[in-house]
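Novice: got a predicted model here, sequence first, then my questions.
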Amino acid sequence: MSPYEAWPFLSDTSHPLLSAVWAVFIHGVIGLIVVWPLIWHSRHRIPYGLIAFAGGSALDFDHVIAAGTLNPHALETLPGGRPATHSLLFVLALALLTLAAWPPLARVLRGSRAQRSRWVAPWSVFAVNCAHVLFDAAGGRERILYPSTAIHGIPWLLCPIGVLLLMAGSFAVDGWTAAGRPLERAPAA
């Protein structure tokens, strides 16, 4: 929720509440877009769509922790920019944690649908949060490859390209799960 250099029409520190509302809205919409193929083929479109929309902004909870307040002005003007959790490494860790947590949940849910959907939840967590990080890093000073300090932000055009690639990944995951074929493993030698 820090000012967006590449998207100046979305943020204005003189109107921090409006800026925060726009940030929540745009992250929610982008989160919804990147997992739309999975939502569209689901029996639970509305709840999953709401989860994707809310998940699009969930990564910004780190701003509240870093600022120590819910004050929109403090959230918009964090010293040093966004926290280190706005990085691809953190997003990957979240997705791997979701993947690791899924087998116990699948046993509770039982059935082939739960097993096939093993890849949907981790992919969705990755796609929604990766889109968030891409949007925030576009044209900015964000440490997208934290802990590396080599890259601070990305060209703004990589954000829409990344969103399209993530959406394509959702189409692929949807195809794998719809066919009942989880990702193929290499045969043991």
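Specialist: Received, thanks. These numbers were taken from a predicted model, which means no experiment stands behind them.

Novice: enumerate every residue touching residue 94.
Specialist: Shown in contact with residue 94 (C-beta atoms under 8 Å, 6 or more residues apart in numbering): 125, 126, 129. (Glycine included, C-beta is placed from N, CA and C.)

Novice: how much space separates the second one from residue 61?
Specialist: Counting by C-beta to C-beta, to the nearest Å, the gap from residue 126 to residue 61 is 17 Å.

Novice: neighbour count for those two, which is higher?
Specialist: With neighbours defined as other C-beta atoms under 10 Å, residue 126 and residue 61 compare such that residue 126 has more, 23 against 11.

Novice: so that one makes contact with residue 90?
Specialist: No - between residue 126 and residue 90 there is no contact under C-beta atoms under 8 Å: 11.0 Å.

Novice: which is the next helix or strand following the helix-or-strand element of the chain with minimal mean pLDDT?
Specialist: Sorting the helices and strands of the chain by mean pLDDT, DSSP states H and E puts helix 112-116 at the bottom, at a mean of 53. Downstream of helix 112-116, the next assigned helix or strand under DSSP states H and E is helix 120-137.

Novice: give the buried residues for that following helix.
Specialist: Within helix 120-137, the residues scored as buried using 16 or more other C-beta atoms under 10 Å are 120-137.
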